[in-house]
Every structure is written in C-alpha cells, then in structure tokens.
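Peer 1: prediction below, plus the sequence it came from.
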Amino acid sequence: MSAIFEKHNARIKDYYLTMGDEDFMVIFEAKDDRTMAKMLFEIGRLGAVRTRTMRAFSRQEFKEIVDELPERSIFADLKTAMDKNG
C-alpha cells in the first residue's frame, strides 16, 4: 500500500484499533477528494480490505461554514459557542 500513497503524494495521518463493526480506522490525507477516490479504488483492488469514507471538516472549516449561516437562524447558539471556544 505504501506505493499507492507515494504515487498519489498522500499519507496516513493516524490510525486506531477499534471495537465494534470495524477492526481498524485509518485516517488518510490526500490533496483532494478525487485523489482520495483513486487511492481507495487502488487499495480496494488489493483485496481483503473494505473501505468506508467520510468527509471530515477541521475545526476551522466548521467555523467558516457556521459563520456563513444567517445571523438569525437556528444556528445562532452554535455560532456563539464557536466564537467563545475559538
């Protein structure tokens, strides 16, 4: 798999042993969603690996999204909390 990461200039950011439906969770980082999709197709072709993807937003990205919401919305409390917590 490391060759796939090198090919796409991506990296494993972190990984966790999990309990429940999945045995491991691996956090990959790639330059964009298209690159990630290509990597997942290539990894899937190796067999014995199932993937489930999730787009996660950083705290800063989350704050920027919330800041774009109308002031008088149901998200006003959320915006206040985000401002207080940095």
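Peer 2: Received the coordinates, thanks.

Peer 1: for stretch 2-16, buried residues please.
Peer 2: Going by neighbour count (16 or more other C-beta atoms under 10 Å), the buried part of stretch 2-16 is 4-5, 8, 10. To be clear about C-beta, it is placed using only N, CA and C from the backbone, and glycine gets the same treatment.

Peer 1: and the worst-scoring helix or strand of the chain on mean pLDDT, how far from the chain's centre?
Peer 2: Among the helical and strand segments of the chain, the one scoring lowest on mean pLDDT, DSSP states H and E is helix 76-84, with a mean of 72. Shown here is helix 76-84, whose average C-alpha point lies 23 Å from the average C-alpha point of the whole chain (C-alpha atoms, centre = their mean, to the nearest Å).

Peer 1: try stretch 52-59
Peer 2: Here stretch 52-59 is found 3 Å from its chain centre; the criterion is C-alpha atoms, centre = their mean.

Peer 1: for the longest helix along the chain, the distance to its chain's centre please.
Peer 2: Of all the segments assigned as helix in the chain under DSSP state H, the longest by residue count is helix 33-45. Counting by C-alpha atoms, centre = their mean, helix 33-45 is centred 14 Å from the centre of its parent chain.

Peer 1: pull out the buried residues from that helix.
Peer 2: With the criterion 16+ other C-beta under 10 Å, helix 33-45 contains buried residues 35-36, 39-40, 43.

Peer 1: what is the mean pLDDT for the helix or strand just after it?
Peer 2: Counting by DSSP states H and E, the next helix or strand C-terminal to helix 33-45 is helix 59-67. What helix 59-67 shows for mean pLDDT is 86.

Peer 1: can you give me the buried ones in helix 59-67?
Peer 2: Within helix 59-67, the residues that qualify as buried are 63, 66, counting by 16+ other C-beta under 10 Å.
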